[in-house]
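Any chance you could fold what I've pasted below:
(one chain, ligands or ions: 1)
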Amino acid sequence: MNLPPVLGAATSAFQIEGGREDGKGQSIWDTFSDEGRLADRGDIACDHYHRYQEDVELLKGFDAYRMSIAWTRVLPDGVGEVDQKGLDFYRRLIDELLDSGVAPWVTLFHWDLPQALQDRGGWANRETVDAFVRYAEVVVEALGDLVKNWITHNEPWVYATLGHIEGVFAPGITDWQTGLAVAHHVLLSHGKAVPVLKQRGGSVGPALDCRPSRPATPDDEAANTHFDGFRNRWYFDPVFGKGYPADIEETYRELGRWDGSLVQAGDLDSIASPIDFLGINYYTSIEIRTGSQESDVGKVAPGPGPPPGYTEMGWEITPAALTEFLQRVDREYSPASIVITENGASYSDGVEDQRRIDYLQQHLEAVSAARDSGVPVDGYFVWSLMDNLEWVSGFTQRFGLIDIDFDTQVRSPKASYHWYRDLIANR
Ligand code: FCB
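This next block holds a predicted model:
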């Protein structure tokens, strides 16, 4: 296989850390948890805040680790006082990674907005953009000597849509105008943070989620184009300087979801701030039919069953669509470098997880095929290093290379962990 030079695994702060202590502020996901809106509470998760040394030990042999910083550990209310204890935790963790030969790839925003900022409108309020830039400044000042790869935002579509249009994720809002305002401000803050994070020589990019789609029949082409615009182009186009896609803007205007008034002079240039790499999170693709809900909000329709098979999230297994999507991104946007910032599968098979090995093998082959055809894919991160709190699904969906017993916090590497570590060692 023509593997990317950087192979690692990923997690995010809320999903693994626990540790609501040492001055940490409340995030919107803590609130969602407190309100009983998750299948399991998030107070402890994988207790990584206390067990990070054990977890770093298990990362030995990986090239890189993608983690996120909890904004509420660094600035408990989002804007005011810096909590030195929070920064110290990340410094200890990153020192430990570097001592173990693992390069940290650090995400600034993996959805856990300080509740204090949500109380002032959250990402629908343009002031949150400035708050994020300050947060980026504080973090790069504290950790920029150690961290060389930064990811601004994780999955803006999911954050904006599931959190503010569908309302199933925190903060639980159901309003199109709010959702599109959130998306714009998240993208704007990405662009404004890029030069800040580069100040100390770091490489910077966003982690965009994608959902490649295909029309069920030739009659479904128009619905498919609309879905692709809503789900993919609305984010990829502005990041690469193409502005918002005109066809989708028109639809949103007609439906009263968007009048463009929150896009101020200079915003589109800021969003298109040159990035060093494009992070792509890939799990599945989707078939689109005219008139189906999927063409609007991205619900995955139940498919015909195996083959090709589904993971326990109900996501269709479509590795070929990853190769095609990477080739398309290369053709249409020409990023200097692409990193698969997440790819993985949910299976509750315990440590004998051959199905996860198969999924990862197929997707690494898909990445390898893209590289063979000249697409610059330079990194790949498995989601996830360990079983963790899968947002509203709690502990029921297990994506880890490492099994976690959530009663005892015992870590048990799965067959996929050994397979992946050997693959890295023997490449
Ligand atoms: C992505 C998220 C990540 C994890 C995986 C399964 O959407 O970025 O935190 O939940 O899905």
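
Sticking with residue 379, tell me its helix or strand.
strand 377-383 (DSSP states H and E).

Can you tell me what sits against the next helix or strand after that strand?
With elements assigned by DSSP H and E, the helix or strand that comes after strand 377-383 is strand 402-404. If you take CB atoms under 8 Å, 6 or more residues apart in numbering as the criterion, strand 402-404 is touched by 46, 58, 350-351, 385-388, 410-414, 417. For glycine as for every other residue, the C-beta is placed from the backbone atoms N, C-alpha and C.

Out of those, list just those in strands.
411, 412, 413 (DSSP state E).

out of these, who has the most neighbours?
Neighbour tally across those (other CB atoms under 10 Å): the maximum, 20 neighbours, falls on residue 411.

Just the pLDDT for the residue lying closest to that residue once chain neighbours are set aside.
Distances taken as CB to CB, 6 or more residues apart in numbering place residue 402 nearest to residue 411, at 5.3 Å, with adjacent residues excluded. With respect to pLDDT, residue 402 scores 99.

Give me the packing partners of the lengthiest helix in the chain, helices and strands only.
With secondary structure taken from DSSP state H, the chain has its longest helix at helix 176-198. In terms of contacts (3 or more CB pairs under 8 Å, 6 or more residues apart in numbering; DSSP states H and E), helix 176-198 is packed against strand 103-109, helix 127-143, strand 149-154, helix 156-164, strand 203-209, helix 234-239, helix 267-271.

Specify the angle between it and strand 149-154 in degrees.
Angle of helix 176-198 versus strand 149-154, following axes from the mean of the first three to the mean of the last three CA atoms, to 10 degrees, is 170 degrees.

What average pLDDT does helix 176-198 get?
pLDDT averaged over helix 176-198 gives 98.

quick one, that helix and strand 203-209 angle?
With the same axes, to 10 degrees applied, the angle from helix 176-198 to strand 203-209 works out at 160 degrees.

Would you mind naming what in the stretch 251-400 of the chain lies close to the ligand?
Residues of the stretch 251-400 of the chain lying close to the ligand by CB under 6 Å from any ligand atom are 281, 342, 383, 390, 391, 399.

can you redo those residues as CSV with pLDDT and neighbour count?
Shown next, in CSV, are these (pLDDT from 0 to 100; neighbours: other CB atoms under 10 Å):
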residue, pLDDT, neighbour count
281, 98, 20
342, 99, 24
383, 99, 24
390, 98, 19
391, 98, 22
399, 98, 25
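
and the spatially most central residue of the chain, what pLDDT?
Closest to where the C-alpha atoms of the chain average out (CA atoms, centre = their mean) is residue 154, at 3.5 Å. Per-residue pLDDT puts residue 154 at 99.

Ok, residue 220 next?
Residue 220 is assigned a predicted lDDT (pLDDT) of 88.

So what's the residue count around the closest residue to residue 23 other than its chain neighbours?
Distances taken as CB to CB, 6+ apart place residue 83 nearest to residue 23, at 4.5 Å, with adjacent residues excluded. Residues near residue 83, counting by other CB under 10 Å, number 19.

cool, residue 392 as well?
Using other CB under 10 Å, residue 392 is surrounded by 19 other residues.

Residues touching the helix or strand hosting residue 88, excluding its own?
With elements taken from DSSP H and E, the one containing residue 88 is helix 84-99. With contact meaning CB under 8 Å, 6+ apart, helix 84-99 is reached by 19, 22-24, 49, 52-53, 56, 59, 65, 67, 69-70, 72-74, 76, 103-104, 106, 138-139, 142-143, 146-147.

about what we covered before: residues in contact with the residue nearest to residue 23?
Residue 83 makes contacts with 22, 23, 24, 25, 73, 74, 75, 76, as judged by CB under 8 Å, 6+ apart.

ok, of the contacts of helix 84-99, which come out buried?
Those of those that meet the buried threshold are 19, 24, 49, 52, 56, 59, 65, 67, 69-70, 72-74, 76, 103-104, 106, 139, 142-143, 146-147, by 16 or more other CB atoms under 10 Å.

mind listing what residue 158 touches?
Residue 158 sits next to 111, 169, 209 when contact means CB under 8 Å, 6+ apart.

what stretches of the stretch 151-300 of the chain score poorly on pLDDT?
Counting by pLDDT under 70, the stretch 151-300 of the chain shows low-confidence ranges at 292-300.

give me that answer again for 80
Scanning the stretch 151-300 of the chain for pLDDT under 80 picks out the ranges 291-300.

How about the residue of the stretch 1-150 of the chain found nearest the ligand: what's its closest non-neighbour residue?
Among the residues of the stretch 1-150 of the chain, residue 12 lies nearest to the ligand; the distance is 4.9 Å by CB to the nearest ligand atom. Spatial nearest neighbour of residue 12, excluding adjacent residues (CB to CB, 6+ apart): residue 110 at 3.8 Å.

ok, the one you found touching residue 71?
No: under the criterion of CB atoms under 8 Å, residue 110 makes no contact with residue 71, lying 9.5 Å away.

Which one's more surrounded, these two?
residue 71 (27 against 24).

just checking, the residue nearest to the centre of the chain touches residue 69?
No: counting by CB under 8 Å, residue 69 is not a contact partner of residue 154; they are 11.4 Å apart.

one step back: and the gap between the residue nearest to residue 12 and residue 196?
18 Å (CB to CB, to the nearest Å).
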